[in-house]
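Trainee: What would the 3D arrangement of this be:
(one chain, ligands or ions: 2)
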Amino acid sequence: MPPNAIEVRELHKSYGRFEAVRGISFEVKRGEVFGLLGPNGAGKTTTVEILEGYRERSAGEVSVLGFDPDHAGMELKQRVGVVLQTMGFYPNATVRESVEHVAGFYPSPRDVRETIALVGLDGTEDKRARQLSGGQRRRLDLALALVGDPELIFLDEPTTGFDPAARRTAWSVIRRLKELEKTVLLTTHYLDEAQELADRVAIIKNGLIIAAGPPSELTPASASYRVSYDGDGGRVELETDDPTELLHRITSEALARGDRLRNLSVSRPTLEDVYLELTAEEESAAVTPESVPT
Ligand SMILES: Nc1ncnc2c1ncn2[C@@H]1O[C@H](COP(=O)(O)OP(=O)(O)OP(=O)(O)O)[C@@H](O)[C@H]1O
Ligand SMILES: [Mg+2]
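Mentor: Numbering: from 1, shown residues only. Ligands and ions are numbered 1, 2, ... in the order given. Here you go, the predicted model:
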């Protein structure tokens, strides 16, 4: 078995004259949770759906569990679970019927009732898909991706529309998949989610990977700690590589004045800070289908 669940080399995808993916390379190791991040239109869904075999690539090499998804059959499909960004439903099928139906495609599926409970849909088994709320529909998507007990799971914005508690539930489901040594390729706009779950991430912008690595190693060019507190004239924000020294100084000064530093906090830049720094650009520089000369 190849060590990597997914290998992508110099992948390109054009829609007519517009090149949505412009030569990206990355690999996802077995048992890894890998996050694809990037602004709307960056090329994430295009990339994921090429790996799923739903779209044909224009150029480059792709291997998914050792298969070329363009030419793979049932053998690959039965080892993969998918949450698409926009899912097709049988609107009149009930939750139980939908999950049972998809379970039927897989050689050794999970228990249907257990899967429904896993995503927090117990109690809605007899509701029809069209009667579900947006977040409940998304939970059904997740159940459909998991019911086959696949070894590789593609999750394209799996928690969009989830309430905060449902998001935490989904996070624990994804952590559980990792414990079971499943491989997960995740796209998300929630950077706390990526920071929480992903072993490694790649940030895509305009069809190119602009940064990749473990979330904790993607650090912004700016200083590595932020110290802030409420001053008389508003919030004071300081940056430092040595918070011990800085805190000692500013707290001593405050105490000497007989003062307190209100709402004092020390924080590391989050993945969101790094992401915003890396993806910032003037709107005019963005490549969009509309901006391609004809
Ligand atoms: N079927 C298509 N035909 C033409 N252009 C497309 C098609 N699908 C996607 N595109 C274009 O390709 C670019 C990348 O789209 P894609 O859906 O991969 O982005 P994304 O990173 O998933 O964005 P989002 O975060 O909004 O889901 C966009 O500019 C989009 O308009
Ligand atoms: Mg998308």
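
Trainee: Check the secondary structure at the residue in the chain positioned nearest to ligand 2 for me.
Mentor: Of the residues in the chain, the one nearest ligand 2 is residue 45, at a distance of 3.1 Å by CB to the ion. Backbone N, C-alpha and C define where each C-beta goes, glycine included. In three-state terms, and counting by DSSP: H, G, I helix; E, B strand; the rest coil, residue 45 is helix.

Trainee: Can you report phi and psi for the residue lying closest to it once chain neighbours are set aside?
Mentor: Closest residue in space to residue 45, ignoring its immediate chain neighbours: residue 85 at 5.1 Å, by CB to CB, 6 or more residues apart in numbering. Note on residue 85: backbone dihedrals following degrees, to the nearest 10 are phi -60, psi -40.

Trainee: these two touch, right, residue 264 and residue 229?
Mentor: Yes: checked against CB atoms under 8 Å, the pair residue 264 and residue 229 is within contact range at 4.4 Å.

Trainee: When these two are compared, which one has more neighbours?
Mentor: For the pair residue 264 and residue 229, the greater number of neighbours falls to residue 229 (18 against 15), based on other CB atoms under 10 Å.

Trainee: you'd agree residue 13 is in a strand?
Mentor: Yes: in this structure, residue 13 lies within a strand as judged by three-state DSSP.

Trainee: can you pull the contacts of the nearest residue to it once chain neighbours are set aside?
Mentor: Closest residue in space to residue 13, ignoring its immediate chain neighbours: residue 21 at 4.1 Å, by CB to CB, 6+ apart. Neighbouring residues of residue 21 by CB atoms under 8 Å, 6 or more residues apart in numbering: 11-13, 43, 46-47, 50, 57, 207.

Trainee: Let's see the helix or strand harbouring residue 21 as PDB, backbone CA atoms only.
Mentor: Applying DSSP states H and E as the criterion places residue 21 in strand 18-29. Taking C-alpha atoms only, strand 18-29 is exported to PDB below (Å, rounded to 0.1, in the frame of the first residue of the first chain):
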ATOM      1  CA  PHE A  18     -10.500  30.200 -17.100                       C
ATOM      2  CA  GLU A  19      -7.900  28.300 -15.200                       C
ATOM      3  CA  ALA A  20      -9.400  27.600 -11.700                       C
ATOM      4  CA  VAL A  21      -6.500  25.400 -10.500                       C
ATOM      5  CA  ARG A  22      -3.100  26.400 -11.800                       C
ATOM      6  CA  GLY A  23      -0.600  23.700 -10.900                       C
ATOM      7  CA  ILE A  24      -0.900  22.500  -7.300                       C
ATOM      8  CA  SER A  25       0.900  19.600  -5.600                       C
ATOM      9  CA  PHE A  26       0.300  18.100  -2.200                       C
ATOM     10  CA  GLU A  27       0.000  14.800  -0.600                       C
ATOM     11  CA  VAL A  28      -2.200  13.500   2.300                       C
ATOM     12  CA  LYS A  29      -0.700  10.700   4.400                       C
END
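
Trainee: and the helix or strand following it, which strands flank it?
Mentor: Once the chain leaves strand 18-29, the next helix or strand it forms, by DSSP H and E, is strand 33-37. For strand 33-37, the pairing partners within the sheet under DSSP bridges are strand 183-187 (parallel), strand 200-205 (parallel).

Trainee: and these as TSV, adding mean neighbour count, distance to ligand 2 and mean pLDDT?
Mentor: Output for the strands paired with strand 33-37, formatted as TSV (neighbours: other CB atoms under 10 Å; distance: least, CB to the ion, whole Å; pLDDT from 0 to 100):
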stretch	mean neighbour count	distance to ligand 2	mean pLDDT
strand 183-187	25	6	97
strand 200-205	24	10	97
